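*Asks:* Just a sequence and a predicted model for now, questions to come.
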Amino acid sequence: MADHTAGGGSSRLRGYVVIIEERCKGCAFCQAFCPTGALEMSDRMNRAGYHLPVLRFPEKCNGCDLCGMYCPDFAIRGVRNRPREDV
Amino acid sequence: MADHTAGGGSSRLRGYVVIIEERCKGCAFCQAFCPTGALEMSDRMNRAGYHLPVLRFPEKCNGCDLCGMYCPDFAIRGVRNRPREDV
Amino acid sequence: MLRGETVLRSGKHFMDGNEACAEGAIAAGCRFVSGYPITPSTEIVEHLSRRFPEIGGMFLQMEDELSASICFQGAVWAGVKGMTVTSGPGFSLMMEHIGFAAMTETPSVFVNVQRAGPSTGLPTAPAQQDVMQARWGSHGDYGIIALSPASPQECHDLIITCFNYAETYRCPVLFMMDETVGHMHGKVTIPSMEDIHVVERRISTRSPSDYAPFRVVEGDVPEMTRAGAGHRIHMTGLTHDERGYPDMTTAAQESLVRRLCGKVNNHVKEISMMESRHVEGSDVVVISYGISAQIAGHAVDAVRAAGIRAGQVRLISLWPFDDEAIRNIARSTRHIIVLEMNLGQMVREVERAVRGIVPVHAVGNAGGRVIAPDCVVEKIREVLR
Amino acid sequence: MLRGETVLRSGKHFMDGNEACAEGAIAAGCRFVSGYPITPSTEIVEHLSRRFPEIGGMFLQMEDELSASICFQGAVWAGVKGMTVTSGPGFSLMMEHIGFAAMTETPSVFVNVQRAGPSTGLPTAPAQQDVMQARWGSHGDYGIIALSPASPQECHDLIITCFNYAETYRCPVLFMMDETVGHMHGKVTIPSMEDIHVVERRISTRSPSDYAPFRVVEGDVPEMTRAGAGHRIHMTGLTHDERGYPDMTTAAQESLVRRLCGKVNNHVKEISMMESRHVEGSDVVVISYGISAQIAGHAVDAVRAAGIRAGQVRLISLWPFDDEAIRNIARSTRHIIVLEMNLGQMVREVERAVRGIVPVHAVGNAGGRVIAPDCVVEKIREVLR
Amino acid sequence: MRDASIRICGMGGQGVIMSGLVLGRAVSIYEDRWSTMIQSFGPEARGSTCSAQVLVADVPIAFPYVRRADIFMAFSQAGYDRYIDELGEGGVLIYESDLIVPDRRVPDQVRRIGVPASRMVRDAFGTAVMFNMVMIGQLVAATGLVSAPAVQQSIVTSVPEGTTEMNCAAFDLGFQLRRPDRVPDGQ
Amino acid sequence: MRDASIRICGMGGQGVIMSGLVLGRAVSIYEDRWSTMIQSFGPEARGSTCSAQVLVADVPIAFPYVRRADIFMAFSQAGYDRYIDELGEGGVLIYESDLIVPDRRVPDQVRRIGVPASRMVRDAFGTAVMFNMVMIGQLVAATGLVSAPAVQQSIVTSVPEGTTEMNCAAFDLGFQLRRPDRVPDGQ
Amino acid sequence: MNQPVLLSPLLRQERMPHIWCPGCGVGVSLNCFVRAVEKSGIPQDRIHVVSGIGCTGRVAGYVNVDSFHTTHGRALCFATGLALSRPDSRVVVYSGDGDLTAIGGNHLIHTARRNVDMVVICVNNFTYGMTGGQVTPTTPENMKASTTPYGNFEYTFNLPALMEACGATFVSRWTVFHVRQLIRSLEKALKHRGFSFIEVLSPCPTLYMRRNRLGNPLNMMEQFKERSVIRNGEGTAGTSLEEGADLIVGDFIEVRRATFKECYERRMTEVLGERFVPYEGVR
Amino acid sequence: MNQPVLLSPLLRQERMPHIWCPGCGVGVSLNCFVRAVEKSGIPQDRIHVVSGIGCTGRVAGYVNVDSFHTTHGRALCFATGLALSRPDSRVVVYSGDGDLTAIGGNHLIHTARRNVDMVVICVNNFTYGMTGGQVTPTTPENMKASTTPYGNFEYTFNLPALMEACGATFVSRWTVFHVRQLIRSLEKALKHRGFSFIEVLSPCPTLYMRRNRLGNPLNMMEQFKERSVIRNGEGTAGTSLEEGADLIVGDFIEVRRATFKECYERRMTEVLGERFVPYEGVR
Ligand SMILES: Cc1ncc(C[n+]2csc(CCOP(=O)(O)OP(=O)(O)O)c2C)c(N)n1
Ligand SMILES: Cc1ncc(C[n+]2csc(CCOP(=O)(O)OP(=O)(O)O)c2C)c(N)n1
Ligand code: SF4
Ligand code: SF4
Ligand code: SF4
Ligand code: SF4
Ligand code: SF4
Ligand code: SF4
Ligand SMILES: [Mg+2]
Ligand SMILES: [Mg+2]
């Protein structure tokens, strides 16, 4: 179901995001409230015609999952790369 | 309609009461809250079988109408003998 | 309060039934509406919330339907014409106050834009499932009038009749629209004031000592008054005497409740409205009402074109029910089909009235969409087979 | 929660119908009642408020009838048997939740101790004026069962049947008492537990993946579950699919609502209860129910003693209405008289069912007192004249 | 008299309903015959006259209302006034003789039994509350409607705990009363 | 084409209902013929497709529903998918050609008129909101269902104050459009 | 007039004696109300009384003004329509604790919130009188009622505090012992513009007191006298009627805020200007 | 689990995407709720969600627990019966401002008064979303709604203050901007014994914001961020949401008082002793 992940697995990066694109409605909350400015709203649209967020700056993402907490549509989630911090 | 008055007209007295006996239900509020103790609950009953108050001590009554204010049944009223104080 | 031409939007419009109903209410002189939002009726009060402040009317959105259905009755007793507006679930909550209006003889109009039920059902879809509820939904015996419009134009015209009946009979009048007529746009012609017949509130001019709010002087409807007119009236939902005082005797109950029912049910001929065509000598008659009647008409035209002797009756009033008229129709045809967007409600009344003279057939659905004319055509062919 | 003998007051009692109803509910396994006081039904909940704390039941006096009529449904979905109790005005306020119970297939019992209406009417006097309301009072099409007891003993026995029907058909069951049976004392025999037939709640034992709360596996009634059973169900008053999810299609509406009506109306023969005597070959049959049936019996005995061939039918169930049985009665007699404490309610159903086979006559009043047997005798003589 | 229609009437608080209950329960349970009792609530909720209709029979009772009373037990003048016309010829009138004055409306052939019940209980127990039991005692003694032991059992299960003894004693007082204020029949 | 059943379908917010209103009002009021418009609310309340059914005739209309559409105006792919089967043979399909790709479900003999309306309004006015008016313009031009002046009058009374001019201009844009993305009939 | 109140034209004299029981506080409250109306100088035909259902609800049937005995719990709703449509009349809602705070609770909080210009008199006798003494949201803890035979176990409302939280602009509590204060308070409320709420604690000897063996009506009056502490103008904090505590009475709140109608007219005038035509109902 | 919340078993995954509009705060609140439930450690089959009717009311249809979508305004009543009958379950009422405070207002004040043990989440989006944006008792002054086209002219409820006046034992207000705090607050409420009320301010971009030209959902989130002032544990005085004022959020009240059921059992045990058989519903 996870259509799109970015940065996953790369140990150099502190975190990454998982996005279920078909659920996204393009509200941009994730992007706006990402504390590190890692996300960007892209031109890409899902089938419903909503613009999708992308992890524009993977190096900034710390996997804090604030994006996930703000998402009204259960479409995005931040994941930390160090598993012991994974909630 | 006033079945019973006591002391009315007598200029020597400061006040008197008017009682509509058929309305009285014998609760004794008038007697209990008369500040001068002028009233007494009598053995006399009205047609409905309730004991009636009487102005036992006409000389005590000052016509303050507290009895009237407490009566739940609109059955009694105190009247001052000096008309200018009559409300 | 502005009256007459200044408030009317006389002329031709392309509007939906809900808006037409709101405009009709304005034309009828309604100036106080208490409501509570519910699909698919909300547009009526939305329209009025915009219109009223410009014409001296007031719309009050209440906290629920219980309050909405009695708040306006307070305004009515102040001398104003008022109504409330709702749909299915809200209508169910108004039942106590329909009975109260009946008991206190409050001229009152209740609009129900019917949606599919039961319960929350299909909130945005049409049905005609509340027509028996309109008659029987409140406890006790009482009389009401119920009308059912078949087009936006009729939403406008008939709501005026509702207000007129309410004034004439001092009873609840229920305007039983459905989602389809409510949301359907069509041409609506709003006449000028002088072409609209409006029954104004008649406030008794009797002196207080000569007046009793529930005393019948002529006919079976007492003269109305209003708060502040000096009559110092009392009214109550309890069984009461002519002066409105509680009278807990069965004699009072008999005379009051019989009169409340009688003033409606004994006037079927004055109140009842129906349209019929091709009934005499037909093989089948389709009886219907509201939007379903449009479909019936379509189907009847279709089978007549195919040489079938079909007739149509459109009930404009649903209650009181004109047994005799229906029985006469039964005597003029061989089959009766009742078409309605429910699982069989008014068809029961037709069956009852017809007394077995001819077979009565039902075409209906569980609500949610209008019935296709083909179903009716099919049924006509089936019963004549 | 205590069950069985420990809670029953088996033996002979001299009690009124209200108390008998309360004891019957206890025998049926009812352990949660939410109510709101209203004359003449209050004694039922007063009795339960005393009894329940000693037998592990709970009575909750709610803030109004709206809450009372749905609070117990929450308990029912927890797995408990529950009911609410009211009279006329309160019954009108419960209409939305009768529809909700029907739509969500909640086994639920609503007791209405009928008093004279409309509105506040005569609060302490009997009537049978809410019997049409019982059938039609909520918006939309739906099915209910309604029973009517004629004596304190039957208040006890039939309320058990109400609970059994509620479990069997998963629908609202309305217990239409009247003030007279409610307040009348008589001999009531409470059997021992093993002599009482109680249908227990059947909680589906299917695994969550195999279970859907509104899927019919056998017959037309789905298996029930309860909160916390692991089924993780959803239920809604919206039109829904088998899993209980909102499904806003007319297909879902058709299949759901037709089933809701059908599971009651297609089982008339299993549900319906009536008693008849001397019907075959009679000249007149008096049909009645509740306390009026006692009067009818008295009158029939009287005229039979005078040589008139009169018969009697007592409806124990009012809804679903057994058209066919009534039609058969019409075929066995020459006149039908319907006796009820209202201005003509069930008589309309009889008229409809009879289809003109024999004349149907009504004897009624506006409520407030039982009708004297003489009136019935008089009517019998009149129709046979 | 084993079958009878009985009207009991008085003021709220005089124990009218309790009287009906005691009689009905005695018949239904302790003699296992049949009885019904209907209490009529006054038209207004508060403080009005209240009445009970008790029917007693050897068979189940279909119609639970008094149409013509065989026995009329009156506790108050207002109650008497209201229901005296319902009493049938040849019936029995039992009344509180300190509170009620029977008049010419009493039908023919009626046995009139005046009982100064309030006075009796006041004298015996220093309270007026059990006076209905005295009336019942005399009713039972005068009519034989139901057996005294049945009534006594009924009293035990009907009255509030703690008052049983006094109620039974009051019943006995009425039952034993030899000289009620009896007026010759048919006067 | 003076009589027609028209289906308009798109997403909430695309002006579907307004299109129906403008057409219906033009016919009913400004040509004094007859028209009905029924909007169907989506099954769920929020953000779903929404559609309008417009009937146009010279006589009053009894049955206000589209049974076989003569004209189908589609604003979105989802709308197209939902209603294409309703379009009758020989009908007219007018669609937003940047958003919709007609497929083989288009019946025979149907005139297909693709209009890149969003692009056109964006180019002309820098906003996408009036694109329904472009579609209506082309509909009117292509079918002659109702006269352009009647539609223009209708626009004036239908759209919010302050937007009249732009809406009329958008209508003109569509009405004047010579080369819609037309595909040969019957393909 | 020689005999005010007793033979006051504000009473429907032909209906006396009334139905209330001996020593019932409803009668005392009505007595005070009649006096307050007389003092207020409001003409008789400019005052309308609306009641719900209950013993107190019967007040509407005894006041000789246009009076409306509505449905259980909904008096405030009817009164809202009436008050808005007769802006030159004073509308008084007179009802019981059960009627106004149980079934009618929603209307109470919303009408207070809207600051609809009316006077609400709530006779709190701690029970449902008319139906035989059931528990209400104001029945004190542990007290018996017919539906709480083992004593009440629910918390109660502090009505003045509830009203304050909703924005009521005049809030008092008195008992029927405090006749003079009650008359004065009612008079003030009648002159106040906005939503006024007066809770009147009152004995119900027949049901509440008898069931709880609280003696005769006088006993409760004495309780009222002894336990009450007057506290005017200090808001409703600490005014709850919990067991054992002082019984705080007084005119707690008296503020002037735009009424519902004033708010409506202000807003409409702001937005519509000349185009606004005020709703006048009937004058 | 690798993907909590997104693929949480607490959601009915097969019903996603849900019906709420882009940027609707109801979704954010649900997101927080799911996290709070996960943190609380309450087993999935021991939590039940009851909703009324409205956009928020649809929450019941998305949580994968026993869930009940009842009638408009009456969720609390159903929940009361459910909660008392499943004493070992946690019952959550999740509904909108209109549902809970307009038509449901009476049940709100009474359920709070009784201190019935449940959690009430009130998503306040200042409007009736589901029916197209009508005014509610929480719509700020002058704001437009479909039934107040010229702007709202009614006063609003201060819900936390109302709840405090009724005796609610846990009262908070947060906005959907305050996700972390909201999660924590919900978790606390889930563990609190007694009646908990959490008001969640939330954008309705489609109706309320669009009609009032308040920009996109983010704009309101920013408003929430900028205007809010956190104030924990200090009661509800001064927390009204009046125009211009600070937007006070926080966990205002957290007290422990015997719940309805505890009160009931305490009383019955006192009076009946051994004879008392507690109501256990179904365990
Ligand atoms: C809808 C409805 N429910 C219930 C009743 C029954 N009922 C009549 S009065 C009353 C209670 C009145 O109590 P309260 O308001 O405290 O007045 P009081 O009699 O104590 O003065 C009730 C429950 C009713 N008439 N209507
Ligand atoms: C008895 C009844 N009245 C009215 C309605 C219509 N209705 C459905 S939802 C709703 C309002 C919901 O508003 P709110 O609770 O604020 O939820 P939101 O949609 O804003 O989340 C209304 C009035 C109904 N379904 N039932
Ligand atoms: S996980 Fe945190 S840092 Fe990474 S994108 Fe999401 S909000 Fe930004
Ligand atoms: S918050 Fe969620 S719905 Fe909004 S843009 Fe980001 S992923 Fe999409
Ligand atoms: S207060 Fe009134 S009713 Fe009471 S005893 Fe005195 S006069 Fe009689
Ligand atoms: S008027 Fe005053 S002094 Fe006289 S009896 Fe009445 S209360 Fe006492
Ligand atoms: S029952 Fe109570 S409240 Fe009602 S009249 Fe009697 S004393 Fe007053
Ligand atoms: S209408 Fe408003 S509340 Fe409803 S889903 Fe859309 S944004 Fe959310
Ligand atoms: Mg009370
Ligand atoms: Mg909302």
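*Replies:* Nice, I can see it. Ligands and ions are numbered 1, 2, ... in the order given.
*Asks:* Around G:Gly233, how many other residues sit close by?
*Replies:* Using other CB atoms under 10 Å in any protein chain shown, G:Gly233 has 9 other residues around it. To be clear about C-beta, it is placed using only N, CA and C from the backbone, and glycine gets the same treatment.
*Asks:* same check, this time on the one 5 residues further on
*Replies:* Here the count is done by other CB under 10 Å, and G:Gly238 has 12 residues near it.
*Asks:* Which strand or helix spans G:Ile253?
*Replies:* strand G:247-254 (DSSP states H and E).
*Asks:* Run through the neighbouring helices and strands of that strand.
*Replies:* Here strand G:247-254 touches helix G:159-166, strand G:170-175, helix G:179-191, strand G:228-230, going by 3 or more CB pairs under 8 Å, 6 or more residues apart in numbering or on different chains; DSSP states H and E.
*Asks:* Would you mind putting those into CSV with mean neighbour count, distance to ligand 3 and mean pLDDT alongside?
*Replies:* As requested, the helices and strands packed on strand G:247-254 are exported to CSV (neighbours: other CB atoms under 10 Å in any protein chain shown; distance: least, CB to the nearest ligand atom, whole Å; pLDDT from 0 to 100):
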stretch, mean neighbour count, distance to ligand 3, mean pLDDT
helix G:159-166, 26, 39, 98
strand G:170-175, 27, 49, 98
helix G:179-191, 21, 57, 98
strand G:228-230, 14, 58, 97
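*Asks:* out of the ones you listed, nearest to chain D?
*Replies:* Among these, helix G:159-166 comes nearest to chain D, with 13.3 Å by CB to the nearest CB.
*Asks:* Contact residues of chain G facing ligand 6?
*Replies:* Contacts of chain G with ligand 6, taken as CB under 6 Å from any ligand atom, are absent.
*Asks:* Let me see the contact set for the most centrally placed residue in chain G.
*Replies:* Central residue of chain G (CA atoms, centre = their mean): G:Ile121, 1.2 Å from the mean position. Under the criterion of CB atoms under 8 Å, 6 or more residues apart in numbering or on different chains, the neighbours of G:Ile121 are G:29, G:33, G:92-95, G:186, G:198, G:200.
*Asks:* repeat that with 6 Å
*Replies:* G:94, G:198 (CB atoms under 6 Å, 6 or more residues apart in numbering or on different chains).
*Asks:* ok, what's across the strand from it?
*Replies:* Beta-bridge pairing of G:Ile121 under DSSP bridges involves G:Tyr94, G:Ile198.
*Asks:* which stretches of chain E have low pLDDT?
*Replies:* Scanning chain E for pLDDT under 70 picks out the ranges E:41-48, E:181-187.
*Asks:* What segments of the stretch 1-150 of chain C are strands?
*Replies:* Using DSSP state E, counting those that start in this stretch, the strands of the stretch 1-150 of chain C run over C:11-16, C:30-35, C:58-61, C:81-86, C:108-116, C:122-126, C:145-147.
*Asks:* swap in chain E?
*Replies:* Remark: strands assigned in chain E by DSSP state E are E:4-11, E:34-40, E:49-57, E:69-74, E:87-96, E:111-115, E:181-183.
*Asks:* which residues touch the residue in the stretch 101-250 of chain C that ligand 1 sits nearest to?
*Replies:* Here the stretch 101-250 of chain C gets closest to ligand 1 at one residue, C:Gly237, 8.6 Å apart by CB to the nearest ligand atom. Counting by CB under 6 Å, 6+ apart, C:Gly237 makes contact with C:100, C:103, D:119-120, G:71.
*Asks:* re earlier: now the strand holding G:Ile253 and helix G:179-191, what's the angle there?
*Replies:* Relative orientation of strand G:247-254 versus helix G:179-191 (axes from the mean of the first three to the mean of the last three CA atoms, to 10 degrees): 20 degrees.
*Asks:* Given strand G:247-254, what are its sheet partners and their directions?
*Replies:* According to DSSP bridges, strand G:247-254 has the following sheet partners: strand G:170-175 (antiparallel), strand G:228-230 (parallel).
*Asks:* now the longest one: how far from the chain's centre is it?
*Replies:* For strand G:170-175, the gap between its own C-alpha mean and the chain's C-alpha mean amounts to 9 Å (CA atoms, centre = their mean, to the nearest Å).
*Asks:* repeat for the shortest one
*Replies:* A distance of 19 Å separates the centroid of the chain from that of strand G:228-230, by CA atoms, centre = their mean.
*Asks:* any residues touching that strand, and which ones?
*Replies:* G:246-250.
*Asks:* swap in the longest one?
*Replies:* Residues outside strand G:170-175 that contact it (CB under 6 Å, 6+ apart): G:160, G:163-164, G:181-182, G:185, G:189, G:192, G:196-201, G:224, G:249, G:251-254.
*Asks:* can you pull out the strands in the stretch 51-200 of chain G?
*Replies:* G:66-69, G:90-96, G:118-124, G:170-175, G:195-201.
*Asks:* Please identify the most buried of the ones you listed.
*Replies:* With neighbours defined by mean count of other CB atoms under 10 Å in any protein chain shown, none of the strands of the stretch 51-200 of chain G is more surrounded on average than strand G:90-96, at a mean of 31.
*Asks:* okay, that strand in CSV with CA atoms only?
*Replies:* Extracted C-alpha coordinates of strand G:90-96, given in CSV (Å, rounded to 0.1, in the frame of the first residue of the first chain):
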residue,chain,number,x,y,z
ARG,G,90,-43.0,41.2,28.9
VAL,G,91,-42.9,37.5,28.6
VAL,G,92,-42.5,35.4,31.7
VAL,G,93,-41.8,31.7,31.8
TYR,G,94,-43.0,30.1,35.0
SER,G,95,-42.3,26.5,35.5
GLY,G,96,-40.8,23.7,37.6
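*Asks:* quick one: it to chain centroid distance?
*Replies:* How far strand G:90-96 lies from its chain's middle: 6 Å, per CA atoms, centre = their mean.
*Asks:* Repeat that for stretch C:10-27.
*Replies:* The gap between where stretch C:10-27 is centred and where its chain is centred comes out at 17 Å by CA atoms, centre = their mean.
*Asks:* Buried ones in it, by neighbour count?
*Replies:* Across stretch C:10-27, burial judged by 16 or more other CB atoms under 10 Å in any protein chain shown covers C:10, C:13-27.
*Asks:* Would you tell me whether it gets close to chain F?
*Replies:* Yes: judged by CB under 6 Å from any CB of the partner chain, stretch C:10-27 and chain F are in contact via C:12, C:14.
*Asks:* Out of the buried residues of stretch C:10-27, which is nearest to A:Arg44?
*Replies:* C:Asp16 (40.0 Å; CB to CB).
*Asks:* rewinding a little: the strands of the stretch 51-200 of chain G into TSV, with extra columns for distance to H:Glu242?
*Replies:* Listed next are these as TSV, based on distance: least, CB to CB, whole Å:
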stretch	distance to H:Glu242
strand G:66-69	35
strand G:90-96	28
strand G:118-124	24
strand G:170-175	20
strand G:195-201	18
